[in-house]
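S.K.: pasting a predicted model and its sequence here:
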Amino acid sequence: MRLKKYCLVAFIAFMANFSFAQEGIPIYSDYLTDNYYLIHPSMAGVANCAKVRLTARQQWFGVDDAPSLQTLSMNGRIGDSPVAIGGVLFNDSNGYHSTVGGYATFAYHLMFSRNEIDLNMLSFGLSAGFLQYKLDETSWLAPGEFDAAVAGIEQSATNFNIDVGFSYHFVDFYAHFTAKNILDNDGVNYNQNGEFEFKNLRTYLLSSGYTFSQYGSEWSYEPSIMYMYRDATAESSIDINAKVYKEMDFGKVWGGLSYRRSLDGAEFQDGSGVSSQKSQYITPFLGVDYNNFVFAYTYSYQANTVNFNTGGFHQLTLGFNFNCRREKYECNCPAVN
């Protein structure tokens, strides 16, 4: 009975969180905290400063083995050339599953404008990295128990994968497209009969936004949207975001709200009938740029009728900008200037 309980919990946790398991760096809302490079390799070196970002995310405080994520990233231009490089290290834990890995990024930025005042830039990015997947089965069996489908050990597999992306900035407008996990990876999500095996982890991201501001105003406003599609499961979701900036003597204060909704419903037993719901997340965030330092906090609330836990998803972001050059472009483009 104990074995069935562990297997059932593991299976439900995996299926409910497949979007976060074995895909490399999970795609949350932390890109909105001045961290677009985490999801779009073409954003490496876009800004006039080199950037270091450290993030820590924890879900469901008080729940054992709840999902958690830590990332460390750095990116910047090579001198005054159009070439940029970057790198990401991450650790993603989710119940019995965990993934650790690292990516190295090469990016190239092509200017179309005649001078650096008007922003008109197309960027290409390629990230390549290694990922180690782990599945801990050591606690699935009681002493003396045996099951042919459970090895009772910590399984692991190491794979190589690549992401490729494009970004376009035109004055106050921007758009990004990224294809993640282009190569097939075996991972460890399969049994001895080859069932429940996931090799296709390809995910496609398309995002766009525009920044508005009145001339001479200290305030600026940035609505944006991101569409995400997972190839293997044909699942898709959309983020609708609103962000506001306030210029200060010491730097900038900013914050906003993000709403993520799955476009695919999941059915569940509701009394004597069957109901359906779509995954929804409401995420407020707040940050401050103090000189060359960045501090941000993000909180996500899962607004579903049926969910695992009513607790939220907390995330902190710490950043540092260095090797800064002057702001070149006359635009409302916080990711670039």
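M.R.: All right, it came through fine.
S.K.: ok, residue 67 to residue 99 distance?
M.R.: Distance of residue 67 to residue 99, given as Cβ to Cβ, to the nearest Å: 11 Å. Any C-beta I mention is one placed from the backbone N, CA and C, and that applies to glycine too.
S.K.: which neighbours do those two have in common?
M.R.: residue 92 (Cβ atoms under 8 Å, 6 or more residues apart in numbering).
S.K.: give me the buried positions along the helix or strand where residue 124 lies.
M.R.: Residue 124 is part of strand 120-136 when elements are defined by DSSP states H and E. Of the residues in strand 120-136, 121, 123, 125, 126, 127, 128, 129, 131, 133, 134, 135, 136 count as buried by neighbour count, 16 or more other Cβ atoms under 10 Å.
S.K.: quick one: the first one and residue 69, what's the gap?
M.R.: Translated: residue 121. Shown here: residue 121 relative to residue 69, a distance of 30 Å by Cβ to Cβ.
S.K.: and what of the fourth one?
M.R.: With distances defined as Cβ to Cβ, the gap from residue 126 to residue 69 amounts to 23 Å.
S.K.: what strands line up against the helix or strand following the strand holding residue 124, and which way round?
M.R.: Using DSSP H and E, the next helix or strand after strand 120-136 towards the C-terminus is strand 154-170. In the sheet, strand 154-170 lines up against strand 120-136 (antiparallel), strand 173-180 (antiparallel) (DSSP bridges).
S.K.: tell me who's in contact with the nearest residue to residue 118 once chain neighbours are set aside.
M.R.: Leaving aside its sequence neighbours, residue 118 sits nearest to residue 171 (Cβ to Cβ, 6 or more residues apart in numbering; 6.7 Å). Residue 171 makes contacts with 118, 119, 120, 329, 331, 333, as judged by Cβ under 8 Å, 6+ apart.
S.K.: kindly report the same for residue 168.
M.R.: By Cβ under 8 Å, 6+ apart, the contact set of residue 168 is 121, 122, 123, 174, 175, 176.
S.K.: just name the closest of these to residue 27, please.
M.R.: Within these, proximity to residue 27 (Cβ to Cβ) peaks at residue 176, which comes in at 12.7 Å.
S.K.: so that closest one sits against residue 205, correct?
M.R.: Yes. Under the criterion of Cβ atoms under 8 Å, residue 176 is in contact with residue 205, at a separation of 7.1 Å.
S.K.: so residue 157 versus residue 128, what's the distance?
M.R.: Applying Cβ to Cβ, the value for residue 157 to residue 128 is 18 Å.
S.K.: do the same with residue 330
M.R.: Taking Cβ to Cβ, one finds residue 330 at 36 Å from residue 128.
S.K.: got the buried residues for stretch 139-158?
M.R.: Buried, per 16+ other Cβ under 10 Å, within stretch 139-158: 140, 141, 150.
S.K.: now these in CSV, with pLDDT?
M.R.: Shown next, in CSV, are those (pLDDT from 0 to 100):
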residue, pLDDT
140, 71
141, 71
150, 72
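S.K.: beta partners of residue 258?
M.R.: Residues in beta-bridge contact with residue 258 (DSSP bridges): residue 241, residue 283.
S.K.: do the same with the one 4 residues further on
M.R.: When assigned by DSSP bridges, residue 262 has beta-bridge partners residue 237.
S.K.: ditto for residue 157
M.R.: Legend: beta-bridge partners of residue 157 under DSSP bridges are residue 133.
S.K.: what does the one 4 residues further on give?
M.R.: Here residue 161 sits in beta bridges with residue 129, going by DSSP bridges.
S.K.: how about the contacts made by it?
M.R.: 24, 128, 129, 131, 181, 182, 183, 185, 201.
S.K.: make it 7 Å
M.R.: If a contact means Cβ atoms under 7 Å, 6 or more residues apart in numbering, then residue 161 has 24, 129, 131, 181, 182, 183, 185 as its contacts.
S.K.: wait, the second one sits on residue 102?
M.R.: Right, the one you point to is residue 129. Yes. If you go by Cβ atoms under 7 Å, residue 129 and residue 102 touch, sitting 5.2 Å apart.
S.K.: for stretch 265-276, the averaged confidence score.
M.R.: Stretch 265-276 shows a mean pLDDT of 63.
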